[in-house]
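Q: Compute the structure for the input listed below.
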Amino acid sequence: MIEGASERKFRFIPFRKRDIVEMCLQDKLLDGREEDFRQLYRMLDSIFHYEFHKTVENLKDAYATIDPDADTRHHERATCPDRVQFVELLRELLEKANYERVTEAELNQALQQSSLFKIRLFVDFGDFSEVLLFCRGESTRREMVPGWMGLFSRNIEFINYDRVMVYLRFRDDAIPSDDRLPACRPGATVLKLFRNVPRADLEMLFPNTHVRMRLVDKLLIGIPAAVSGGIVLTTKLGTALVLLGSLLGFWMGLSSHPVELNKTTLMALLAGLMALGGYLWKQINGFKNRKLRFMQALTQNLYFKNLDNNAGVFHRIANDAEEEECKESLLAYYFLLTSQGPLSRSELDRKAEAWMATKWQCAIDFEIDDALEKLIALKLVHAAGGKFTALPLSEGIRVLDQQWDNYFTAAGGTE
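A: The predicted structure is shown next:
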């Protein structure tokens, strides 16, 4: 498989936060202050971790009454945030984790494209009252796929999503006994997180996906079946058909010659009928086995692509959001710290994007507004006249230390 960058820029920064620290230090613009920079990073990371802990707790409370995997009881006097509040909290978290909404137009385009797994998938969206898909990280990939009968392999290009989050809410009148949805609970809310999903195969992420035979698959079964069926009719069934025709002709008065049913003719008739039954059974099994192979390919593919389910999804995404917030803030602070003077919003944005593109071959849409908003709130950056200036490292460490102490002071603790 060959992977290339997508023309579309994503906000996601595809490096770990600790790697970002070392990448900044590699510029040699902080000689002698490396440990101070690492200390500021650790304090900044701890503050974001504390903030996102509160976010996760709010999501857990909002999800408690709709969690299909819950194994705890619900206290009748406990406050119960409604489903709408959970969806809004989830949207905010996905935004911070730099996920992008898969629009209805993009989803419809994906549904119309041919599957890379040579199967035809069908999803009945009527089973759901609410469907939301979000993706993060997009790349253009190329892969060699075998052609007809395993011959003439060809190289195809497709759009691949690094991460896809699926939010589904079943209809309140969904039928639990429906064979298509054996584990469905009416009104249930389901969260799924997947990795490396081709855009053309988004259908496989839905729980009610079922396989339909493509025209080429029907031909591959039907043409051999027709040919072999003709052979069976002309060889093994020839004597039986003549005998049956004679019997029908005599019973219907079309022939005056009676047919003698002796042991030999009965055995010929029985052998012919058995051959016909065996042939039909073989064709039915061939169809079922081919469909089973398709389902097996789909199941195996999903097994390796599934990352998390239900409550585990927003725990993982909260960790991703924490990483993104920390990376954005750290990069913005670093470029302001090492600049020759104050920078405007657009200058800082261009500097961060150019650094990632030229030095690390990574095209991103840097979240400048979000990064500056966080740094100003933490008092690590001052704004004046549309320009921004970063506090020196030693002062920044002192400010973050005070911010950390204030968390617990405000909660009723003592300094």
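Q: A helix includes residue 162, no?
A: No: counting by DSSP: H, G, I helix; E, B strand; the rest coil, residue 162 is not found in a helix; it is strand.
Q: hey, where'd the helices end up in this protein?
A: Counting by DSSP state H, the chain has helices at residues 17-25, 34-63, 83-96, 104-112, 215-234, 238-251, 263-305, 311-337, 345-360, 368-377, 393-410.
Q: Look up how far residue 164 lies from the spatially closest residue to residue 159 that is not a sequence neighbour.
A: Nearest non-adjacent residue to residue 159, counting by CB to CB, 6 or more residues apart in numbering: residue 199, 4.3 Å away. Where you see a C-beta, it was placed from the backbone N, CA and C, and this is true even at glycine. Residue 199 sits 9 Å away from residue 164, going by CB to CB, to the nearest Å.
Q: Look at the two and report which has more neighbours.
A: Using other CB atoms under 10 Å as the criterion, residue 199 and residue 164 rank with residue 164 on top: 23 against 19.
Q: Let me know whether the more buried one touches residue 204 as I believe.
A: No: using CB atoms under 8 Å, residue 164 is not in contact with residue 204; the gap is 10.5 Å.
Q: Look up the closest residue to residue 383, ignoring the ones flanking it.
A: Nearest to residue 383 is residue 376, by CB to CB, 6+ apart, at 6.4 Å.
Q: doesn't residue 160 make contact with the residue nearest to residue 159?
A: Yes: here residue 199 lies in contact with residue 160, judged by CB under 8 Å, at a distance of 7.1 Å.
Q: tell me, how many neighbours does the closest residue to residue 110 other than its chain neighbours end up with?
A: Distances taken as CB to CB, 6+ apart put residue 202 closest to residue 110, at 4.4 Å, once the chain neighbours are dropped. The tally of other residues near residue 202 (other CB under 10 Å) stands at 26.
Q: Could you do residue 166 as well?
A: For residue 166, using other CB under 10 Å, the count is 20.
Q: wouldn't it be in contact with residue 206 here?
A: Yes: contact criterion CB under 8 Å: residue 166 and residue 206 qualify, at 7.4 Å.
Q: picking up where we left off before, ok, now how distant is the residue nearest to residue 383 from residue 338?
A: Distance of residue 376 to residue 338, given as CB to CB: 19 Å.
Q: Tell me, domain by domain, which residues of the chain belong where.
A: Domain assignment for the chain by automatic domain parsing gives 7-55+312-410, 83-211, 215-293.
Q: Tell me how far the residue nearest to residue 159 lies from residue 25.
A: When distance is defined by CB to CB, residue 199 is 37 Å away from residue 25.
Q: ok, now residue 325?
A: Residue 325 sits 20 Å away from residue 25, going by CB to CB.
Q: neighbour-wise, which of the two wins?
A: Just comparing residue 325 and residue 25: by other CB under 10 Å the higher neighbour count belongs to residue 325, 24 against 16.
Q: And for the more buried one, nearest residue in space, chain neighbours not counted?
A: Closest residue in space to residue 325, ignoring its immediate chain neighbours: residue 48 at 5.2 Å, by CB to CB, 6+ apart.
Q: Residue 30: what's it in contact with?
A: 24, 37, 337-338, 393 (CB atoms under 8 Å, 6 or more residues apart in numbering).
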